[in-house]
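Engineer: The sequence isn't on hand, but the structure is:
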Ligand SMILES: [Cu+2]
């Protein structure tokens, strides 16, 4: 693992907020974001230089204010030529730099991991594709990636235009109905990051986050192997009843749970729900209390969400929650 570009805004002296964090384009954790970060550094440096020069010119002009002197034609011409050359030069530099950055973002990669992310109002389906059908897996609202391996992410949507933005890994890329875009990312730092829908897509656009985890190769393989398993069979009596309730109620029409009859595709796959860290695309942290509250009244947490309130008796709610909390 090689170190990525340090955050030099504030030159490491001024503690400037916003420089690092799980969702900062200024603290890249992957090659593509690093390339964009370099372009930003250069643009910032050029703009600061221009700003300083303009202020110096202003100060110079103010000092000379009121003094009348015969204008020296030749000096004026020279200054003008220098000004035009400087402006043309900086603009050309920025154009070339942005072209080079674009080439780096679209450079071909070897042996990528294939992932498909499908956006829906207001959550993300994440599928790991493989030529071997037994190695395919589906999850939701979380993206686990191995470090140091390029990932080719196909982007699709089931409804409106969304945009996937994981600032520490890459720039934004739209998900457009009827059109398949591709985003390539190469994570370089293990860590927990955050992605967010970056194209206004309706009421709950702001609650459409993606929990991103970059793992070491072995941790990733372990996670993958675990996710390939069907859902565990319920252990407690409550969870058992919960499973039957889930299968017999509207839940199963919208949600899939691997290894059971529930095969709905309208909402997120719940096979290993309890192994996730967040609920409903980052709207809530995942724990038992919040899960029960969500099932009881999803509209309270995400008004307008496509999950309806399903009428359940308190005891039934308890059982369904027990069941889902066992889906490690
Ligand atoms: Cu969206």
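Structural biologist: Structure's in. What do you need? Since we're looking at a predicted model, the values are computed, not measured.
Engineer: show me where this structure has strands.
Structural biologist: Applying DSSP state E to the chain gives strands spanning 113-120, 123-128, 137-140, 142-146, 151-157, 162-165, 173-175, 181-185, 191-197, 209-215, 278-279, 284-285.
Engineer: Name the residues of the stretch 151-300 of the chain found near the ion, please.
Structural biologist: The stretch 151-300 of the chain comes close to the ion at residues 162, 197, 201, 208, as judged by C-beta under 5 Å from the ion. Every C-beta, even on glycine, is put in place using the N, C-alpha and C of the backbone.
Engineer: can you put the residues you listed in TSV and add pLDDT and neighbour count?
Structural biologist: Listed next are these as TSV, based on pLDDT from 0 to 100; neighbours: other C-beta atoms under 10 Å:
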residue	pLDDT	neighbour count
162	97	30
197	97	27
201	96	21
208	97	28
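Engineer: which one of those is nearest residue 303?
Structural biologist: Here the nearest of those to residue 303, counting by C-beta to C-beta, is residue 208; it sits at 13.7 Å.
Engineer: So the closest one is in contact with residue 140, correct?
Structural biologist: No. Counting by C-beta atoms under 8 Å, residue 208 stays clear of residue 140, with 11.8 Å between them.
Engineer: intersection of neighbour lists for those two?
Structural biologist: Counting by C-beta atoms under 8 Å, 6 or more residues apart in numbering, the shared contacts of residue 208 and residue 140 are 123-124.
Engineer: Packed most tightly, which of the strands of the chain would that be?
Structural biologist: Burial of those is given as mean neighbour count (mean count of other C-beta atoms under 10 Å); strand 162-165 ranks first at a mean of 25.
Engineer: and that strand, what does it pack onto?
Structural biologist: Applying 3 or more C-beta pairs under 8 Å, 6 or more residues apart in numbering; DSSP states H and E, one finds that strand 162-165 contacts strand 113-120, strand 173-175, strand 191-197.
Engineer: Parallel or antiparallel, which strands does it pair with?
Structural biologist: strand 173-175 (antiparallel), strand 191-197 (antiparallel) (DSSP bridges).
Engineer: ok now stretch 282-298, how far from the chain's centre?
Structural biologist: In terms of C-alpha atoms, centre = their mean, to the nearest Å, the centre of stretch 282-298 is found 22 Å from the chain centre.
Engineer: export the strands of the chain to TSV and tack on distance to residue 63?
Structural biologist: Shown next, in TSV, are those (distance: least, C-beta to C-beta, whole Å):
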stretch	distance to residue 63
strand 113-120	58
strand 123-128	59
strand 137-140	64
strand 142-146	57
strand 151-157	56
strand 162-165	47
strand 173-175	50
strand 181-185	52
strand 191-197	49
strand 209-215	53
strand 278-279	59
strand 284-285	60
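Engineer: what's the closest of those to residue 61?
Structural biologist: Short answer: strand 162-165, nearest of those by C-beta to C-beta, at 43.1 Å.
Engineer: quick one: that closest one to chain centroid distance?
Structural biologist: The answer for strand 162-165 is 7 Å, by C-alpha atoms, centre = their mean.
Engineer: for stretch 52-62, same thing?
Structural biologist: Distance, centroid of stretch 52-62 to centroid of chain: 42 Å (C-alpha atoms, centre = their mean).
Engineer: Could you shift the numbering so residue one becomes 12, and keep it that way?
Structural biologist: Shifting the count to begin at 12 puts that one at stretch 63-73.
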